[in-house]
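# here you go, sequence then predicted model.
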Amino acid sequence: LAKHFKEALPIIETIEANGYQAFFVGGAVRDFILGLSISDIDIATSATPEVMQRIFDKVIPVGIEHGTVIVRHAHQSYEVTTFRSDGNYSDHRHPDQVTFISDLKEDLSRRDFTMNAIAMDRFGVLHDPFNGQNDIKNKQIQTVGNPAARFLEDPLRMMRALRFVSQLDFSIENTTYQAIHHQIPLIETLAVERLAIELEKMFAGSQYMQALALSTQVDLWRHLPVFQDLPSIGHVVKKMSCPLHHLFELSAFISCTYQDITIKEMAKKWKLSNHSLNKAKVLIDLARLFNQQGLTTWLVYQLPSDLYKSFVRLIRNLTNQEITVDQLSVLANQLPLKSRKEMQVNGEDIVAMYPNRSKGAWLGTYLNEVEYAIVQRDVENDYQQIKEWLTKWHPPEIE
Ligand code: ATP
Ligand code: MG
């Protein structure tokens with residue numbers, strides 16, 4: 001067993017010691033077979049959430065009605081989901097009712113693709129009733145059961161297929177592809193938050209070009225907020241030269257590429273948080289500044305370090321210029337000022353330099369000018385020198 005699975009083993013052992021079954025399932029097993037690094041580990045069990053809460057100390061009931069709890073173990077979180085069958089999805093969002101069951105195979109049969117329907121027990125033995133290993137070997141995405149029926153049940157699976165193309169460099173098996181082609185309009189019935197998660201992963205995958213081309217072939221864009229208003233997605237795709245990792249990054253990119261799509265509109269339609277909207281706004285403003293003046297100290301001063309990677313990717317896509325995170329860090333370390341708080345004059349100091357003036361908008365303007373001048377090294381961050389510099393440019397009125 002790989003290290004990550006070994007760390008999670010005590011959970012499976014505890015469940016089994018209480019007389020229930022438990023297996024590793026989902027993306028972790030798939031990625032393990034593929035030899036990829038494993039992200040989060042999901043566990044499926046015959047134990048109900050009530051039983052799980054009884055046999056473990058630290059259980060977070062994140063989705064009891066769907067059978068999911070999070071178990072904390074050795075500072076890690078593990079999603080443990082009770083075997084279930086999903087019933088109908090009449091609202092295309094959630095199964096109407098889930099039924100807890102005791103049979104692993106039936107649980108695997110409700111999963112989306114054969115590659116995601118493989119279970120691994122604590123000895124590392126695979127349980128693979130739908131030949132997922134074979135599809136993994138052939139790098140092929142294929143639904144468990146009839147694709148048309150499975151996509152009707154939950155249309156999100158079509159988006160998931162496209163994002164797995166991007167992440168895994170797989171192709172979509174022909175009948176599965178045909179079903180996507182016919183049923184893609186159904187994704188309009190989905191909650192935009194669910195679509196957003198898959199869209200984000202699609203643009204972030206290494207094979208995004210392939211996934212975007214397939215999405216165009218099946219006419220995905222016509223059914224997605226914002227993208228349906230673009231004159232052509234081909235234009236966007238052609239410009240892209242590296243993956244974009246977050247929806248706020250993608251939104252910034254779209255809004256820089258199409259001036260008539262405002263970031264506010266895009267954020268609203270995709271239900272971005274205010275936090276993400278603000279990050280997108282900073283990226284857009286600074287990309288514009290970069291276009292006009294290149295990589296200035298003033299630009300780096302305004303760019304928070306947690307946005308460095310996003311900014312590098314955005315600039316690469318917008319201009320094909322290769323700036324690097326290192327370059328940004330070096331410039332940031334040399335800044336004469338890290339933030340406005342470090343300025344050696346404040347508003348009161350400046351008011352005192354102009355005793356004959358009443359308060360007004362001029363004060364904010366002067367503060368901005370001083371800040372800019374310090375950052376651009378026109379003046380040193382020193383009270384006396386700032387005073388001389390400011391009063392030279394803006395002589396105080398004499399009574
Ligand atoms: P990732 O590596 O991105 O986490 P994943 O395959 O683990 O990929 P998750 O969204 O974490 O994807 O879902 C875990 C598992 O749950 C999947 O592997 C699949 O078996 C099942 N699953 C997830 N979403 C669906 C769905 N919409 N329909 C059917 N099964 C699903
Ligand atoms: Mg997962």
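Perfect, I can see it now. Ligands and ions are numbered 1, 2, ... in the order given.
# what backbone torsions are found at Asp40?
The main-chain torsion angles of Asp40 are listed as degrees, to the nearest 10 and equal phi -80, psi 140.
# swap in Trp270?
Note on Trp270: its backbone torsions stand at phi -100, psi 10 [degrees, to the nearest 10].
# tally of neighbours for it?
Residue neighbour count, defined by other Cβ atoms under 10 Å, stands at 22 for Trp270. C-beta: built from backbone N, CA, C; applies to glycine.
# in the lowest-mean-pLDDT helix or strand in the chain, what counts as buried?
Taking all helices and strands of the chain together, the one with the lowest average confidence (mean pLDDT, DSSP states H and E) is helix 233-239, at a mean of 80. Applying a neighbour-count criterion of 16 or more other Cβ atoms under 10 Å, the buried positions in helix 233-239 are 233, 236.
# going on from that helix, what's the next piece of helix or strand?
The C-terminal neighbour of helix 233-239 among helices and strands, as given by DSSP states H and E, is helix 247-257.
# partner residues bridging Ile60?
The bridge-partner assignment for Ile60, based on DSSP bridges, gives Ile70.
# that one reaches His73, doesn't it?
No - using Cβ atoms under 8 Å, Ile60 is not in contact with His73, being 11.9 Å away.
# more neighbours, those two?
Here Ile60 and His73 are set side by side on neighbour count (other Cβ under 10 Å), and the busier one is His73, at 16 against 13.
# so what's that one up against?
By Cβ atoms under 8 Å, 6 or more residues apart in numbering, the contact list for His73 reads 7-8, 10-11, 58.
# okay, which residue is most central for the protein?
In the chain, the C-alpha closest to the average C-alpha coordinate belongs to His246, at a distance of 4.1 Å (Cα atoms, centre = their mean).
# hang on, it packs against His275?
No - His246 sits out of contact with His275 when judged by Cβ under 8 Å, with a separation of 11.3 Å.
# got the residues of the stretch 151-300 of the chain near ligand 1?
Counting by Cβ under 6 Å from any ligand atom, the residues of the stretch 151-300 of the chain lying close to ligand 1 are 154, 156-157.
# adding secondary structure, pLDDT and distance to Leu108, write those residues out as JSON lines.
Putting those into JSON lines (DSSP: H, G, I helix; E, B strand; the rest coil; pLDDT from 0 to 100; distance: Cβ to Cβ, whole Å) gives the following:
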{"residue": "Asp154", "secondary structure": "coil", "pLDDT": "95", "distance to Leu108": "16"}
{"residue": "Leu156", "secondary structure": "helix", "pLDDT": "97", "distance to Leu108": "19"}
{"residue": "Arg157", "secondary structure": "helix", "pLDDT": "98", "distance to Leu108": "15"}
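# and the residues you listed, which is closest to Pro225?
Leu156 (14.9 Å; Cβ to Cβ).
# quick check: that closest one touching Leu190?
Yes - the pair formed by Leu156 and Leu190 meets the contact definition of Cβ under 8 Å, at 5.7 Å.
# the two: which has the busier surroundings?
Higher neighbour count among Leu156 and Leu190: Leu156, with 22 against 19, using other Cβ under 10 Å.
# show me what contacts the closest residue to Glu65 other than its chain neighbours?
Spatially, and ignoring its direct neighbours in sequence, Glu65 is nearest to Val98 (7.3 Å; Cβ to Cβ, 6 or more residues apart in numbering). With contact set as Cβ under 8 Å, 6+ apart, Val98 has these partners: 65-67, 84-87.
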